[in-house]
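[1] how would this look folded up:
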Amino acid sequence: MKKNQKGVALILTLILLAVLSVMAVSLLFMAQAETWSGMNYRLMTQARYGAEAGVQKAANFIQSTSYTAPTAAQINTNFNVLSSPVLYNGQPAGLSANTSIGANNYPISSDTTNFATAGTGSLTAGNTTVNYSAYAKLLSIQSFTGYPAANSSVVEKWEIKSDGTVAGVRNAKVRVSAIMERQKSPSFAYAAFATQSGCGALSFGGGGSTDSYDSTSITYSGGNVVTQSYGGNVGTNGNLSASGSKTTINGSLSTPRAGTGSCSTNTVTALSTNGNASVTGGITELPQSVTYDTPPAPTPTPTNTAMTVANNNPSCTGIPSCSLTNGNNDMVITAGTSSGSATQLGALTIKGNLHFAPPAGTAAGSIVYINVYSLNSNGNPNIYIDPIPGTSPAQYAQIVVNVAAAGTIDLTGSSLSNPSMIPGNFQILYGGTSQVTINGGTQTASLIYAPNAPFKLNGGGNLYGAVVAGQVTDLGGGAIHYDRSLQKQFYQLGNYMLSAFNWEKYN
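    Numbering: from 1, shown residues only. You can find the predicted model right below:
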């Protein structure tokens, strides 16, 4: 080896060791970075889940009985509802368990106290404690008169924000926000809605059909209401069974069920058809079942006292608010002007012509009430819905007939005539579970609200209006003509919904 080459191996070895050392240090730093990155991700995820827990706790509180919603009077007195967010004392109205997001500013002290407790808490994640605290800001609020109980109901829209924090050497903080709202929805959004969840909850056959009209702008042809071959939507928590070549739902089917074809207890499909029956508007899958409140029981409860409208020489003996008309051949029962002063009837059997009428002097569109134990007919009588006495042109009130849950409703063979063709002018409310049967006709305009009972449209006649029942059956070729104006009347509370989730890392 030459003298000038001595020590080269040592130099190369040192260079190689230096390179390896640099690589080792780099790997150590990379491993440390990955470790910290994984830890950061874990802490951030834990903080986010904690923040989501805060959102859920706040949402659960607002939906619980611990929360007292403002009354209509409190809304009018305390809030500026023309602003969004809603203002109270000139500042955004809100409930707070986290003053770093927003302050408590709400007129109901129990709500502020209870929310401060419900909207904060902690979760254990391994050796880590995740804390959360929430704030709910009121974006909008509205009161309305609910249906079937004419009580004041409130719908609200809230923005909920929640911070999730993990404290320690490497702390983490995440803020999650969501929108929670409860809307009002039409009680009669469908031509027919069946609350049962099984097969054949809706049954149409023999040419049974639905379509629609608008009672605010009725046109006639040959003395009959002109209907349109759309808008006859139906809904159910279960299945629609449709059969027959002429059976047509001129609208959509709404249900939380999915699929078409054979329906069984184990597999409840949305739609089962045969014989070329059709649903022209297709199937809309609901996110959840629809709940309808049971109508309040008539107060006081009607007694099961037999009362009969005779078909010859009718007598008002023993029948309240009764008078005779049409040469004393027809009977008139006059409704009461309030639910507390409703006309009280027993087990009413209708064999002769009967008129339901509002009192003289009633304002057009007002609600008048009749409480009855049961409502049955035989012998093909005519049932008339009369206008307000003395009005010309004829004006009508909303006649509400509340039937006791223990009673029955069977108007088979009778003919119901509501010349106004406004279904809200004759409403039957029933909280029981017995079969409800109504005959259709050229002027049978009515609302049937019996969410726990099976309903049958008898024969091949027409029903103008809408039906809410446990089960709806139309197998005789009858038609349900939905009144589209019902979309803007008779509201009930809808379900709560959480939406618009967002999150961000927050320091």
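[2] regarding the protein, what is its longest helix?
    helix 8-63 (DSSP state H).
[3] following that one, which helix or strand comes up?
    Toward the C-terminus, helix 8-63 is succeeded by helix 72-78 as the next helix or strand (DSSP states H and E).
[4] OK, contacts around Thr284?
    Residues near Thr284 by C-beta atoms under 8 Å, 6 or more residues apart in numbering: 252-255. (C-beta placed from N, C-alpha, C; glycine too.)
[5] so which of the residues you listed sit within strands?
    Counted as lying in strands by DSSP state E, out of the contacts of Thr284, are 253-255.
[6] which of those has the most neighbours?
    Neighbour counts for the ones in strands among the contacts of Thr284 peak at Thr255, which has 28 neighbours (criterion: other C-beta atoms under 10 Å).
[7] that residue against Glu285, yeah?
    Yes - here Thr255 reaches Glu285: they are 7.0 Å apart, a contact under C-beta atoms under 8 Å.
[8] name the element the residue lying closest to Ser341 once chain neighbours are set aside belongs to?
    Using C-beta to C-beta, 6 or more residues apart in numbering and skipping the chain neighbours, the partner closest in space to Ser341 is Tyr369 (7.6 Å). Using DSSP H and E, Tyr369 sits in strand 367-377.
[9] rounded mean pLDDT for that strand, please.
    Per-residue pLDDT values across strand 367-377 average out to 97.
[10] for stretch 105-117, same thing?
    pLDDT averaged over stretch 105-117 gives 95.
[11] pull out the buried positions in that stretch.
    105-106, 108, 111-112, 114-116 (16 or more other C-beta atoms under 10 Å).
[12] next one: stretch 84-101
    For stretch 84-101, a neighbour-count test (16+ other C-beta under 10 Å) marks 85-88, 92-98, 101 as buried.
[13] and the pLDDT at Tyr496?
    89.
[14] any idea what it is bridged to?
    Arg182 (DSSP bridges).
[15] would you confirm that it contacts Ala178?
    No - proximity of Tyr496 to Ala178 does not meet the contact threshold set by C-beta under 8 Å, at 11.6 Å.
[16] quick one: common contacting residues for the two?
    Ala59.
[17] so for these two, which residue has more residues nearby?
    Ala178 (20 against 15).
[18] host element of the more buried one?
    Using DSSP H and E, Ala178 sits in strand 172-186.
[19] packing partners for that strand?
    helix 8-63, strand 128-145, strand 152-166, strand 491-505 (3 or more C-beta pairs under 8 Å, 6 or more residues apart in numbering; DSSP states H and E).
[20] and the third one, which strands flank it?
    So the one you mean is strand 152-166. strand 128-145 (antiparallel), strand 172-186 (antiparallel).
[21] quick one: these as TSV, columns for distance to Asn402 and mean pLDDT too.
    Listed next are those as TSV, based on distance: least, C-beta to C-beta, whole Å; pLDDT from 0 to 100:
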stretch	distance to Asn402	mean pLDDT
strand 128-145	16	94
strand 172-186	21	93
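[22] could I get those as TSV with distance to Gly441?
    Shown next, in TSV, are those (distance: least, C-beta to C-beta, whole Å):
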stretch	distance to Gly441
strand 128-145	30
strand 172-186	25
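[23] to Val309, which of the ones you listed lies closest?
    Of all the strands paired with strand 152-166, strand 128-145 sits nearest to Val309, with 32.5 Å by C-beta to C-beta.
[24] for the closest one, buried residues please.
    Along strand 128-145, these residues count as buried under the neighbour rule (16+ other C-beta under 10 Å): 128, 130-141, 143.
[25] let me know the angle separating that strand from helix 8-63.
    30 degrees (axes from the mean of the first three to the mean of the last three C-alpha atoms, to 10 degrees).
[26] so where is the stretch 1-150 of the chain shaky, pLDDT-wise?
    1-7, 29-41 (pLDDT under 70).
[27] if we can go back for a sec, ok, the residue nearest to Ser341 - how many residues close by?
    22.
[28] would you mind measuring from it to Pro298?
    Using C-beta to C-beta, to the nearest Å, Tyr369 is found at 9 Å from Pro298.
[29] what of Cys322?
    18 Å.
[30] out of these two, which sits in the busier spot?
    For Cys322 versus Pro298, neighbours defined as other C-beta under 10 Å are more numerous around Pro298 (24 against 19).
[31] so what's the more buried one up against?
    Pro298 neighbours (C-beta under 8 Å, 6+ apart): 342, 371-372, 402-404.
[32] can you rerun that using 10 Å?
    339, 342, 344-345, 369-373, 401-405, 407, 429, 431 (C-beta atoms under 10 Å, 6 or more residues apart in numbering).
[33] buried members of these into ChimeraX, please.
    Buried subset of the contacts of Pro298, written as a ChimeraX selection, criterion 16+ other C-beta under 10 Å:
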select :339,342,344,345,369,370,371,372,373,401,402,403,404,405,407,429,431
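[34] for the most centrally placed residue in the chain, what are its contacts?
    Geometric centre of the chain, nearest residue: Gly494, 3.6 Å, by C-alpha atoms, centre = their mean. Going by C-beta under 10 Å, 6+ apart, Gly494 touches 155, 181-186, 290-291.
[35] that older thread, so what's in contact with Thr255 and Glu285 at the same time?
    When contacts are counted by C-beta under 10 Å, 6+ apart, Thr255 and Glu285 are jointly contacted by Ala270.
[36] in the sheet, who's paired with the closest residue to Phe501 other than its chain neighbours?
    Counting by C-beta to C-beta, 6+ apart, Ala178 is the residue found nearest to Phe501 once chain neighbours are left out, at 4.9 Å. In this entry, Ala178 is beta-bridged to Ile160, by DSSP bridges.
[37] my read is that Ala178 contacts Lys157, right?
    No - look at Ala178 against Lys157 with C-beta atoms under 10 Å: they stay out of range, at 11.6 Å.
[38] from the ones in strands among the contacts of Thr284, pick the one nearest Thr265.
    When the ones in strands among the contacts of Thr284 are compared against Thr265 (criterion: C-beta to C-beta), the nearest one is Thr255, at 16.2 Å.
[39] OK, contacts around the closest one?
    Thr255 makes contact with 193-194, 197, 201-202, 234-240, 268-271, 283-286, 289-290, according to C-beta under 10 Å, 6+ apart.
[40] recalculate using a threshold of 8 Å.
    235-240, 270, 283-286.
[41] filter these down to the buried ones, PyMOL style.
    This is how PyMOL selects the buried members of the contacts of Thr255, with burial counted by 16+ other C-beta under 10 Å:
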select buried, resi 235+236+237+238+239+240+270+283
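[42] distance of the residue lying closest to Ser272 once chain neighbours are set aside relative to Leu463?
    Excluding the flanking residues, the one nearest Ser272 by C-beta to C-beta, 6+ apart is Cys263, at 4.6 Å. Separation of Cys263 from Leu463 (C-beta to C-beta): 25 Å.
[43] comparing those two, which shows the higher neighbour count?
    A side-by-side neighbour count of Cys263 and Leu463, using other C-beta under 10 Å, places Leu463 first with 29 against 22.
[44] can you check the pLDDT for the more buried one?
    pLDDT, Leu463: 97.
[45] which among the buried residues of stretch 84-101 gets closest to Thr334?
    Val86 (44.1 Å).
[46] for the closest one, what are its contacts?
    79-80, 92-93, 138-141.
[47] ok, now with 7 Å
    Applying C-beta atoms under 7 Å, 6 or more residues apart in numbering to Val86 gives the contacts 79-80, 93, 138-141.
[48] and Ala297, by the same measure?
    Contacts of Ala297 (C-beta under 7 Å, 6+ apart): 404-405, 431.
[49] please tell me how far it sits from Leu429.
    Counting by C-beta to C-beta - Ala297 and Leu429 are separated by 10 Å.
[50] please apply the same query to Asp474.
    Distance, Asp474 to Leu429, by C-beta to C-beta: 21 Å.
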